[in-house]
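Asks: Sequence plus the predicted model coming up.
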Protein chains: 2
Amino acid sequence: MVNRATTVNQALNDAVSLREPQKIHEAMRYSLLAGGKRVRPVLCLAACELVGGTEAMAMPAACAIEMIHTMSLIHDDLPCMDNDDLRRGMPTNHKVFGEDVAVLAGDALLAFAFEHMAVDTAKAGVPPARIVRALGELSKAIGAEGLVAGQVVDIASEVVLGAILGGGSDDEVERLRKFARCIGLLFQVVDDILDVTKSSEELGKTAGKDLVADKVTYPKLLGLEKSREFADELNKDAQAQLAAFDPDKAAPLVSLANYIAYRQN
Amino acid sequence: MVNRATTVNQALNDAVSLREPQKIHEAMRYSLLAGGKRVRPVLCLAACELVGGTEAMAMPAACAIEMIHTMSLIHDDLPCMDNDDLRRGMPTNHKVFGEDVAVLAGDALLAFAFEHMAVDTAKAGVPPARIVRALGELSKAIGAEGLVAGQVVDIASEVVLGAILGGGSDDEVERLRKFARCIGLLFQVVDDILDVTKSSEELGKTAGKDLVADKVTYPKLLGLEKSREFADELNKDAQAQLAAFDPDKAAPLVSLANYIAYRQN
C-alpha cells in the first residue's frame, strides 16, 4: 500500500506540474503534494483491479479524487469557514499564499480534476460510456449535498468509480458500494476517536477540535468503548462484502480496511 | 433571443431546485437566477443548432456554463478577492448569505455543473464520446489558466461545446471557435468601454472600477475612439466565420454578435 501511495504521488506530481499562472499552481501543489494517506486514490485503484481493470484505467480518477479532496480541505480551512492554521502538520494554504490565492487554487483543483478525469481516462482507452457514468457518479458525490454535509467525496464514490472504470458488473459495483459505505463510516468513527485520544503533534492537525466546536461525534454519542466496538463491527461488515471476489485480488482492500480501522493518526 | 434566455432561465430553475441543504441551495439559486444576459448559454444552444443539433442536446451544457460563470462571480466578489457589494444590481452573495455559505455555494455550483452536464446530456441521447470530448473542452476552459486569467469560461468554449454536442464536423467546430474568440474579445472591449462611459445605475454594477483598480483596459491602451473601431472590426471578423453556414440558422449568432457589440449595459 505504501508503494501504491508513491505511485499516486508521482501521478499527482505529473498531472499538476508547475506552470503559469505560477503562484496558483504553486498553491495547488503545496496542498496536493503535502502527503496525506492517499487512502481514497488507493481504494479507487484497488477496486478497479478487483473487477479486472488495470491501474491505468483508474489512475486519472484516483488523482481527480485526491484533487477534489484537497480542494475541500483548502476551502474548509479558510478564515470564513473553520479558520484552521494547521493541516497535515503544515501551515494551511491561505496562511502561506493568502486567502485570495487559496480560494482560486481550490476552484482550479476542482475544475482540473474533471478535465484530468475526462481527458486522461479517454487516453487510457476506457470506453466513453463508462467515463460518462463515472463522471456522473463522481460529481453527484461532491455536489451540494456532499460538499455541504462536510463529507466531500463520500468515500464510497472512489470505490464505485474504480469499479465502473474497471468494467465491473452492476452486481460487483453494488457490492463494492456497500463495502465502501462501511469503510467510509469506519473512517469517520476512527477519526472521532483519534480526535479525543491523540495530541495535535501525533495527528499532524489540531486535536480536540470536535470538543471545542461542540460537534456531534461517535465518542460523545456512544462513549469511547462502544465507539471502538462499532468500528470493529463496521470493519467486519465491510470485509464480508469482499467474500465473493478472488481473495488474492481482494487482499489490498482487506488490508486497507484494517489499516483504516487501526490507524493511529 | 429574449425567448431563448427565458427557456434557459426555466431550465436553470428546474436544474437547481430548492432542496436540502436548504441554505446552500437558496444561495446557489439567488445568484444563478438573478438574471444576467444569458449570453453564454444562448451562444451554446445556437452553435448546437447551427451544426444540425437540437436544443435538448446542448441545454445541460448551456446550464452548466451559466452555473460555472455564476460560481466565478460569487467567488470573485468575496472580501478576500474583489470585495464587491453589488452584482447585477443586487447585493452580492456573501452580503446576503455570509462568506462561508458563499464559498460553499460556489463550490457546489461548480461540481453540480459537471454532474448536470454528464448525466443530463447522456439522458438527451448524445453519444458518450461526444460528451467526454465536450467535458474535456469545458474543464480545460475553466482550469487554472482560465479561472485565474479572470476570464473564467473563455466565451469561445460555450460555442465550441454547442458545436461538439450538436455533432459538428472538425471544420465546423474550428470555424465556430474562431467566431467565438472574436466575440469573446469583443465582449471584453465593450465591457471596458461601458465601464468608463456609464454610471453604476445604468450598469447594475459598480462603474469606474477598472480605473480605481488601475486595470489595463482597451480605452486606456487605445483611447475610446480606437477602442470603438476595434470593436467594430471584431464584430465583422466574427460574422465572416459564419459565411459558410446556412444564413437562416446563422441568424441568431449574427444578432448575438450585434447585440454584444451594441449593448448599453
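Replies: Arrived safely, thanks for sending. Here the structure is a predicted model, which is why all the values come from computation and not from measurement. Numbering: from 1, shown residues only, chains lettered A, B, ... in the order given.

Asks: The helix or strand harbouring residue A:48 packs against which elements?
Replies: Residue A:48 is part of helix A:39-50, with elements assigned from DSSP states H and E. With contacts taken as 3 or more CB pairs under 8 Å, 6 or more residues apart in numbering or on different chains; DSSP states H and E, helix A:39-50 sits against helix A:2-15, helix A:55-76, helix A:155-165, helix A:170-197, helix A:247-262. (Each C-beta comes from the backbone N, C-alpha and C, glycine too.)

Asks: at 6 Å what do you get?
Replies: With contacts taken as 3 or more CB pairs under 6 Å, 6 or more residues apart in numbering or on different chains; DSSP states H and E, helix A:39-50 sits against helix A:55-76, helix A:155-165, helix A:247-262.

Asks: so which of those comes closest to chain B?
Replies: helix A:55-76 (5.6 Å; CB to the nearest CB).

Asks: Check which helices and strands the closest one is in contact with.
Replies: helix A:2-15, helix A:22-32, helix A:39-50, helix A:99-123, helix A:155-165.

Asks: Now with 8 Å, please.
Replies: Under the contact definition 3+ CB pairs under 8 Å, 6+ apart, helix A:55-76 sits against helix A:2-15, helix A:22-32, helix A:39-50, helix A:99-123, helix A:128-141, helix A:155-165, helix B:99-123.

Asks: can you tell if the last one touches chain A?
Replies: Yes - for helix B:99-123, a contact with chain A is found by CB under 8 Å from any CB of the partner chain, at B:99-100, B:103-104, B:106-108, B:110-112, B:114-115, B:118-119, B:122.

Asks: Ranking by neighbours, what's the top pick from those?
Replies: Of all the residues of helix B:99-123 next to chain A, the most densely surrounded is residue B:106 (31 neighbours; neighbours counted as other CB atoms under 10 Å in any protein chain shown).

Asks: residue contacts, that residue?
Replies: A:107, B:71, B:72, B:74, B:75, B:93 (CB atoms under 8 Å, 6 or more residues apart in numbering or on different chains).

Asks: where does chain A have low pLDDT?
Replies: A:1-2, A:143-155, A:205, A:211-214 (pLDDT under 70).

Asks: Quick check: chain neighbours aside, which residue is closest to residue A:195?
Replies: What sits nearest to residue A:195 in space, not counting adjacent residues and going by CB to CB, 6 or more residues apart in numbering or on different chains, is residue A:210, at 4.8 Å.

Asks: same check, this time on residue A:246
Replies: residue A:50 (7.8 Å).

Asks: do you know how far the one you found is from residue B:202?
Replies: Separation of residue A:50 from residue B:202 (CB to CB, to the nearest Å) stands at 61 Å.

Asks: Could you do residue A:90 as well?
Replies: Taken as CB to CB, the span from residue A:90 to residue B:202 is 48 Å.

Asks: now swap in residue A:173 and tell me
Replies: 55 Å.

Asks: the more surrounded of the two?
Replies: Remark: of residue A:173 and residue B:202, residue A:173 carries more neighbours, 21 against 12, as counted by other CB under 10 Å.

Asks: Now do the contacts for the more buried one.
Replies: By CB under 8 Å, 6+ apart, the contact set of residue A:173 is A:51, A:160, A:163, A:164.

Asks: In space, not sequence, find me the middle residue of chain A.
Replies: In chain A, the residue lying closest to the centroid (CA atoms, centre = their mean) is residue A:40, at 3.5 Å.

Asks: thinking again about what came up before, most tightly surrounded among the helices and strands packed on helix A:55-76?
Replies: Comparing these by mean neighbour count (mean count of other CB atoms under 10 Å in any protein chain shown), helix A:155-165 comes out on top with a mean of 28.

Asks: Run the chain-centre distance for that one.
Replies: From the chain centre to the centre of helix A:155-165 is a distance of 11 Å (CA atoms, centre = their mean, to the nearest Å).

Asks: That helix near chain B anywhere?
Replies: No - applying CB under 8 Å from any CB, one finds helix A:155-165 out of contact with chain B, separated by at least 11.7 Å.

Asks: What about residue A:19, how many residues nearby?
Replies: Neighbour count for residue A:19, taken as other CB under 10 Å: 10.

Asks: so it sits right up against residue A:26, yeah?
Replies: No - counting by CB atoms under 8 Å, residue A:19 stays clear of residue A:26, with 10.1 Å between them.

Asks: Can you list the buried residues in stretch A:253-260?
Replies: Judged by neighbour count (16 or more other CB atoms under 10 Å in any protein chain shown), stretch A:253-260 contains these buried residues: A:253, A:256, A:257, A:260.

Asks: With distance to chain B added, can I get these in a markdown table?
Replies: Formatted as a markdown table, the buried residues of stretch A:253-260 follow (distance: CB to the nearest CB, whole Å):
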| residue | distance to chain B |
| --- | --- |
| A:253 | 27 |
| A:256 | 26 |
| A:257 | 28 |
| A:260 | 25 |
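
Asks: In TSV: the contacts of residue B:106, plus distance to residue B:130.
Replies: Formatted as TSV, the contacts of residue B:106 follow (distance: CB to CB, whole Å):
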residue	distance to residue B:130
A:107	26
B:71	24
B:72	25
B:74	30
B:75	30
B:93	33
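
Asks: right, and the helices and strands packed on helix A:55-76 - which one's nearest residue A:247?
Replies: Nearest of the helices and strands packed on helix A:55-76 to residue A:247, taken as CB to CB: helix A:39-50 at 10.8 Å.

Asks: relative orientation of that closest one and helix A:170-197 in degrees?
Replies: Between helix A:39-50 and helix A:170-197, the angle comes out at 160 degrees (axes from the mean of the first three to the mean of the last three CA atoms, to 10 degrees).

Asks: can you pull the alpha-carbon coordinates of helix A:39-50 into CSV?
Replies: Only the C-alpha atoms of helix A:39-50 are listed here, as CSV (Å, rounded to 0.1, in the frame of the first residue of the first chain):
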residue,chain,number,x,y,z
VAL,A,39,-6.5,6.3,1.1
ARG,A,40,-9.0,7.5,-1.4
PRO,A,41,-7.0,7.0,-4.6
VAL,A,42,-5.6,3.7,-3.4
LEU,A,43,-9.1,2.4,-2.8
CYS,A,44,-10.1,3.6,-6.3
LEU,A,45,-7.2,1.7,-7.9
ALA,A,46,-7.8,-1.4,-5.9
ALA,A,47,-11.5,-1.6,-6.8
CYS,A,48,-10.6,-1.2,-10.5
GLU,A,49,-8.2,-4.1,-10.4
LEU,A,50,-10.5,-6.2,-8.3
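
Asks: Please parse chain A into its domains.
Replies: The record's domain split for chain A, according to automatic domain parsing, is A:1-168, A:170-265.

Asks: The ones you listed: which one's closest to residue B:132?
Replies: Closest to residue B:132 of the domains of chain A is domain A:1-168 (CB to CB; 4.6 Å).

Asks: tell me the phi and psi of residue A:87?
Replies: Torsion angles at residue A:87 (phi, psi; degrees, to the nearest 10) stand at phi -150, psi 130.
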